[in-house]
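Student: need a structure here:
(chains A, B and C)
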Amino acid sequence: MSRRKSITGGLFIGLTAFSAILIIAVIIILLVVIIIGGKDTFSWEFLTAFPEDGMMKGGIFPAIFGTVLLVLIMSIAAVPFGTITAIYLTEYAHEKSILAQTIRFAVRTLATVPSIIFGLFGLGFFIKYVGSGMDDLFLGGQLKWGQPNILWASLTMALLTLPVVIVSVEEAIRTVPREMREASLALGATKWETIKRIVIPGSRSGIMTGTILAVSRGAGEVAPILFTGAAYYLATLPTSLSDQFMNLGYHIYIMATQSANVDQTLPIQFATTMALLMLTFMLNLTAVIIRSRLRRKAK
Amino acid sequence: MKEIKIKTKNLSLYYGAKMALNSISLDIPEKEVTAFIGPSGCGKSTFLRTLNRMNDLIPNVKITGEVLVDGLNIYDKQIDVVNLRKKVGMVFQKSNPFTKSIFENVAYGPKINGINNRKKLEEIVETSLKNAFIWEEVKDRLHDSAMGLSGGQQQRMCIARALAVEPEIILMDEPASALDPISTAKIEELIFELKKKYTIVIVTHNMQQAARVSDLTAFFYLGELIEFGKTRKIFTTPDKKHTEEYITGRFG
Amino acid sequence: MEEPIGINKFVFSRESLKKKFRLSEFLSEKIITGVAFLSITIIVLIFFFVFKESIPIFQSKKKEIAKVETVQKQEQYGTDSSVATNLSGQEQYGVTGTDSLMTENQILEEDTVVHGSDEATAKSLMGKQWLPVSDNPRYGLIPLFVGTLKITLIAMLFAAPIAILAALFSAAFAPHWLREIIKPAIELLAGFPSVVIGFFALMVMASFFQNLFGYDGRLNAFVGGVAMALAAIPIIYTITEDALTAVPRTYTEASLALGATRWQTALFVTLPAATPGIFAAILLGIGRVFGETMIALMATGNAAMIGINPFESVRTLAATIGAEMAEVVFGDTHYNVLFLIGSLLFIFTFSLNALAEFYVKGKLVKRFQGKQS
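Tutor: Model (predicted):
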């Protein structure tokens, strides 16, 4: 009887192990396939050159440039707002107050909104309300801001990544020991002085982690920028906030689904995917390392 | 006859509905060392914290009665808590240096008081560290992290940090309880020096320390002040039986 | 003892201790609170603006009837697309095998649209045909719902068991060092952009499955579902693993002390104890798949069909928005319907998350307090 049980047991454990291995195997296959498909095309020239011949040849520099510009503007919007909100939640909010609970609820909700909805919001609010409003007010109805561009796309992305920043910064602020705050106050410092001099410097790593994770998210998401500013082929790099931009993820999507000559562009598609994967992977790895150091410090 | 620096009148403290301090009336004279003793949980630390309003940080705390410092009720609505804490400094049970350099730690107080002149700050830091009996040990590594100091050194640095703000009263919440005997002795020596210029109130669970170091002693039990008087008297011929039992180690 | 320098020159006095108004304190508190309040504002705005653009459908005011307009394709979006969708044709992206079906009827996007009255539109929402771009536009949402449900079902059928079993292995059976490898590796998968997973599905998985099963349409619900599973697995795994490790040690120790083996304990004690958390994990996985756009766009074929066959193409709600919004005229009925779809998506994922939260909090707390079994 017990032998049958131990066979069942062994099988069961084996099944669970198999599941875990299966997942990892798929991850590895995915990585390997992408790398094999892209390694021949992937090169420094590829990353720094412009596309040629209607995307048939050349490099993806504008897509990289656009992606970087996007996450840059996004970070400028999201990181300060996220950090300040995190400070409010940890330092100023009375935990049971309705305001604090509502804000927490709003942040949690924001974190679960499907990314395409942000795109809709970007279109309905930023482009058609704020942008058009700006055109009416300042340009007498001329169409400049009331259409997709990198500014609106970045702000849309900032909303999507806001919860990521808030959670990371909050985690870091909570590792600053209560005793340090007490010491500061006992010396005659005010609340804001304590936050400015002790809490924020002590949360630097969390702010960094949050920013990096947000950037990684912002670099990879495509749905929010499908109709708020991304473009497939632009002759020039964006030079102002009202320009459209190219983007790695969007590029992959369009090329994979609407490419005229698949055989020729396939290597480019793989190489671009490789580039995007490398970018997000490196960013995530960095953030994870900083975060685990932070958690070790808290213990 | 020394002036009374701190006078409490029927001070009671409640955590929600639970009473933690019951109508404490006490006169603490200036430039002397007053010790609070009593078993764990008797309220001596809580009472200490009412003297610089650190209990304000805890939600649900209610205080009745008065605490008069130099004749002014510090719980009056007109009082500025921030300035109060510049006059009434505190040293905590477990040393809590900032994760900054030793210099930055001690200079923290002066900086928030608006002193930014580098030379002045260096003067203040040196004076404070000397007055805390730690200058010689750290003078060559002022810009190293304070976290690298030993426990006893950290605590003395925290004392220096408190001194840098130039308070008139220093509250010490079991300052040596986490330290080894040698560091403890150094701190006690320090207290002896400090009382020439500052009014010291020290909470300790170590009766021998109280007997060694203080001029006056107050015995607390379950949130009440049982007896208060000259240390000599409390430890040799206390008035209350309760006090005697505690002193002789019958409980606590 | 050295003389103090004299920072605080004043002694205790009513003046020196009088309550000071500090501008920086006041401002910092107000500004910080205000900024934090912004997050509430954002959610409210999203609610408002997404719903706002879908309302016109339900208003009975008639729009210009029978006005023929040309749907403009915005030129910035590059070379004209040679891929078209029609009723039953499936999109054939990527490498096509020799036995794949080529679609007929390449309808060009530059079509003429007739604005019908909005009453007709509201009725057609319940219809079975999604044909927004045609002489007689129909906005039947049912095929989109069916498509989304199919994908979600297939995705969860794969993702839930695999992720839960893997979490069980990680939490209960794996030696510590192995767990430290598996957990981050799976969390790595969470960091893959969905467009990459979509690309992988489109280029690799689609052909692989087609060769394996031998069906006609290369991109279909099955391929899309399996790809979505890849996106959902990390979420389900992480939350389940947390739930399993949160089961109090006393439970497992009690079971072992009674003579149960490790696997019996894991299966009959730990797993049931973590049920609320696992349930929440599944709910969140569903929410993720329901709203996922890029994978759907790239791997499901994008033909709005109703049917049980998993190897048929489908179109999901999110993909519809993603595919068509760029081509739509602002203020148009089609535009409004797309926003309506967005509103529905929003409501659904919102409810799902609220449910997951309340359920977990409620049941978990009650269970460990012993108020229910």
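Student: okay, CA-based contacts and neighbour counts for the rest of this
Tutor: Fine.
Student: Give me the contacts around stretch C:231-244.
Tutor: C:155-156, C:159-160, C:162-164, C:166-168, C:170-171, C:183, C:186-187, C:189-190, C:194, C:197, C:270-271, C:273-274, C:277-278, C:280-282, C:284-286, C:288-289 (CA atoms under 8 Å, 6 or more residues apart in numbering or on different chains).
Student: from the residues you listed, which ones fall inside helices?
Tutor: Mapping these onto helices (DSSP state H) picks out C:155-156, C:159-160, C:162-164, C:166-168, C:183, C:186-187, C:189-190, C:194, C:197, C:271, C:273, C:277-278, C:280-282, C:284-286, C:288-289.
Student: ok, so what distance separates B:Tyr14 from chain C?
Tutor: 25 Å (CA to the nearest CA, to the nearest Å).
Student: With adjacent residues omitted, what lies nearest to that residue?
Tutor: B:Lys62 (5.1 Å; CA to CA, 6 or more residues apart in numbering or on different chains).
Student: Would you mind listing the buried residues in the helix or strand encompassing that neighbour?
Tutor: Per DSSP states H and E: B:Lys62 is located in strand B:61-69. Within strand B:61-69, the residues that count as buried by 16 or more other CA atoms under 10 Å in any protein chain shown are B:61-63, B:65-69.
Student: Could you tell me which residues of chain B lie near chain C?
Tutor: Contact residues, chain B versus chain C (CA under 8 Å from any CA of the partner chain): B:69-70, B:72, B:77-81, B:83-84, B:87, B:110, B:113, B:124, B:127, B:130-131, B:165-167, B:193-194.
Student: re the thing from before, pretty sure the residue nearest to B:Tyr14 is touching B:Leu13, no?
Tutor: Yes. With contact defined as CA atoms under 8 Å, B:Lys62 reaches B:Leu13; the gap is 5.7 Å.
Student: In terms of secondary structure, what does the helix ranked longest in chain C contact?
Tutor: Ranked by residue count and defined by DSSP H, the top helix of chain C is helix C:333-368. Contacts defined by 3 or more CA pairs under 8 Å, 6 or more residues apart in numbering or on different chains; DSSP states H and E place helix C:333-368 against helix A:98-112, helix A:115-121, helix C:23-52, helix C:275-291, helix C:317-324.
Student: what angle separates it from helix A:98-112?
Tutor: Interaxial angle of helix C:333-368 relative to helix A:98-112 (axes from the mean of the first three to the mean of the last three CA atoms, to 10 degrees): 120 degrees.
Student: Identify each of the strands in the stretch 101-250 of chain A and give its residue range.
Tutor: Using DSSP state E, counting those that start in this stretch, the stretch 101-250 of chain A contains no strands.
Student: where are the low-confidence patches of it?
Tutor: Of all residues in the stretch 101-250 of chain A, none has pLDDT under 70.
Student: so which of the residues of chain B next to chain C are also by chain A?
Tutor: Restricting the residues of chain B next to chain C to those near chain A by CA under 8 Å from any CA leaves B:83-84, B:165.
Student: Please enumerate residues in contact with stretch B:119-133?
Tutor: B:103, B:106-107, B:110, B:115, B:135-136, B:156-157, B:159-161, B:163-164, B:190, B:194, C:1-2, C:4-5.
Student: Name the residues of it that are buried.
Tutor: B:121, B:124-133.
Student: which residues does residue 251 contact?
Tutor: Assuming you mean chain A. For A:His251, the contacting residues are A:63, A:232, by CA under 8 Å, 6+ apart.
Student: meant chain C actually
Tutor: C:Tyr251 neighbours (CA under 8 Å, 6+ apart): C:269-270.
Student: Swap in 10 Å and give it another go.
Tutor: C:Tyr251 makes contacts with C:257, C:265, C:269-270, C:273, as judged by CA atoms under 10 Å, 6 or more residues apart in numbering or on different chains.
Student: Now which of those residues would you call buried?
Tutor: With neighbours counted by 16+ other CA under 10 Å, the contacts of C:Tyr251 contain buried members at C:265, C:269-270, C:273.
Student: Tell me, how many residues neighbour the closest residue to chain B within chain C?
Tutor: In chain C, the residue found nearest to chain B is C:Lys19; the distance is 4.0 Å by CA to the nearest CA. By other CA atoms under 10 Å in any protein chain shown, 17 other residues sit near C:Lys19.
Student: Please apply the same query to A:Ile166.
Tutor: Using other CA under 10 Å, A:Ile166 has 26 neighbouring residues.
Student: tell me which element the residue nearest to it when sequence neighbours are not counted falls in.
Tutor: Once flanking residues are discounted, A:Ile166 sits nearest to A:Gly82: 4.7 Å by CA to CA, 6+ apart. Secondary structure from DSSP H and E places A:Gly82 in helix A:61-87.
Student: Counting by contacts, list what that helix packs against.
Tutor: helix A:44-48, strand A:51-52, helix A:98-112, helix A:150-174, helix A:204-220, helix A:248-258, helix A:262-298, helix C:23-52 (3 or more CA pairs under 10 Å, 6 or more residues apart in numbering or on different chains; DSSP states H and E).
Student: Which residues are in contact with whichever residue of chain A sits closest to chain B?
Tutor: Minimum separation of chain A from chain B (CA to the nearest CA) falls at A:Gly188, amounting to 4.8 Å. Residues in contact with A:Gly188, defined by CA under 10 Å, 6+ apart, are A:194, B:81-89, B:109-110, B:112-113, B:162, B:165.
Student: A:Arg3 now?
Tutor: Counting by CA under 10 Å, 6+ apart, A:Arg3 touches A:Gly9.
Student: distance of it from A:Gly9?
Tutor: From A:Arg3 over to A:Gly9 the distance is 9 Å, taken as CA to CA, to the nearest Å.
Student: Kindly report the same for A:Val79.
Tutor: 50 Å.
Student: Mind checking which of these two has more residues around it?
Tutor: Ranked by neighbour count (other CA under 10 Å), A:Val79 and A:Gly9 place A:Val79 first, with 23 against 18.
Student: The more buried one touches A:Leu155, doesn't it?
Tutor: No. Between A:Val79 and A:Leu155 there is no contact under CA atoms under 10 Å: 11.8 Å.
Student: Now do the shared contacts for these two.
Tutor: Shared contacts of A:Val79 and A:Leu155, counting by CA under 10 Å, 6+ apart, come down to A:Thr161.
Student: Send over the helix or strand harbouring C:Asn211 as CSV, restricted to the C-alpha atoms.
Tutor: C:Asn211 is part of helix C:206-213, with elements assigned from DSSP H and E. The C-alpha trace of helix C:206-213 is given here as CSV (Å, rounded to 0.1, in the frame of the first residue of the first chain):
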residue,chain,number,x,y,z
ALA,C,206,1.8,29.2,-35.4
SER,C,207,3.8,27.0,-37.9
PHE,C,208,4.7,24.5,-35.2
PHE,C,209,1.1,23.9,-34.2
GLN,C,210,-0.1,23.9,-37.8
ASN,C,211,2.4,21.1,-38.6
LEU,C,212,1.4,19.3,-35.4
PHE,C,213,-2.3,19.4,-35.8
